[in-house]
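> take this sequence and fold it.
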Amino acid sequence: MKVFLVLTAFFLLTVSASECGKKKNTAEKEKAVTGDKNPPKKYKGKLEVAGICRNYTIRLLEGDMDTSRIVANWTNPVTNISYKSVFGLGNPCALTDAIKEGDEFYFMIDTSEQKFCPVCLAFYPTPPRSLFIKMVEK
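Below you'll find the model as predicted:
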């Protein structure tokens with residue numbers, strides 16, 4: 001039984017470590033695409049679904065974003081409500097508690113190295129694409 005627990009813990013740590021590297025690589029790719037000389041673009045979004053444990057769905061309202069980064073049409077399997085131009089929140093602590101479902105806000109793509117943000121592990125469906133963002137203003 002102890003061997004099983006040790007192997008399970010080892011597997012989880014290995015998977016977590018590989019995911020951390022992916023987040024950093026994504027940030028590095030974003031810097032390469034935008035370049036340091038280009039000012040970051042500002043977008044307007046709306047928190048459409050505030051799922052449990054910060055499983056958030058955000059709709060792009062304004063801004064010229066590469067359409068491959070967001071989901072054109074997504075239906076929430078829990079509510080059967082359809083949304084257009086949405087993405088999941090990749091960094092759960094990017095939005096303050098002041099942002100509530102239905103609120104609109106401005107944000108930028110966050111290209112900095114992502115820090116650990118403790119949240120609960122309950123699942124709520126989000127679109128298959130997610131972005132790391134930084135809130136600029138409400």
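
> which stretches of the chain form strands?
Listed in chain order, the strands found in the chain under DSSP state E are 43-51, 55-62, 71-75, 82-89, 104-109, 130-131, 133-137.

> and those strands as a markdown table, adding mean pLDDT, distance to residue 121 and mean neighbour count?
To be clear about C-beta, it is placed using only N, CA and C from the backbone, and glycine gets the same treatment. Rendered in a markdown table, the data for the strands of the chain read as follows (pLDDT from 0 to 100; distance: least, CB to CB, whole Å; neighbours: other CB atoms under 10 Å):
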| stretch | mean pLDDT | distance to residue 121 | mean neighbour count |
| --- | --- | --- | --- |
| strand 43-51 | 97 | 13 | 20 |
| strand 55-62 | 97 | 10 | 20 |
| strand 71-75 | 97 | 22 | 15 |
| strand 82-89 | 97 | 15 | 19 |
| strand 104-109 | 96 | 25 | 18 |
| strand 130-131 | 96 | 16 | 22 |
| strand 133-137 | 90 | 21 | 14 |
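
> how about these, which one is nearest residue 123?
Proximity to residue 123 (CB to CB) singles out strand 55-62 among those, at 6.7 Å.

> angle of that closest one against strand 82-89?
Counting by axes from the mean of the first three to the mean of the last three CA atoms, to 10 degrees, strand 55-62 points 110 degrees away from the direction of strand 82-89.

> tell me what strand 55-62 is packed against?
Here strand 55-62 touches strand 43-51, strand 82-89, going by 3 or more CB pairs under 8 Å, 6 or more residues apart in numbering; DSSP states H and E.

> just the C-alpha atoms of stretch 68-82, please, in CSV.
Taking Å, rounded to 0.1, in the frame of the first residue of the first chain, the C-alpha atoms of stretch 68-82 are listed here in CSV:
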residue,chain,number,x,y,z
SER,A,68,-6.9,30.8,-32.7
ARG,A,69,-6.4,31.9,-29.1
ILE,A,70,-10.1,31.8,-28.2
VAL,A,71,-13.1,29.6,-28.9
ALA,A,72,-15.6,31.0,-31.5
ASN,A,73,-18.6,29.1,-30.1
TRP,A,74,-18.8,27.1,-26.9
THR,A,75,-21.8,25.6,-25.1
ASN,A,76,-21.6,25.1,-21.3
PRO,A,77,-22.5,21.5,-20.8
VAL,A,78,-24.0,22.2,-17.3
THR,A,79,-26.4,25.0,-18.3
ASN,A,80,-26.6,24.3,-22.1
ILE,A,81,-26.0,28.1,-22.7
SER,A,82,-23.9,29.0,-25.8
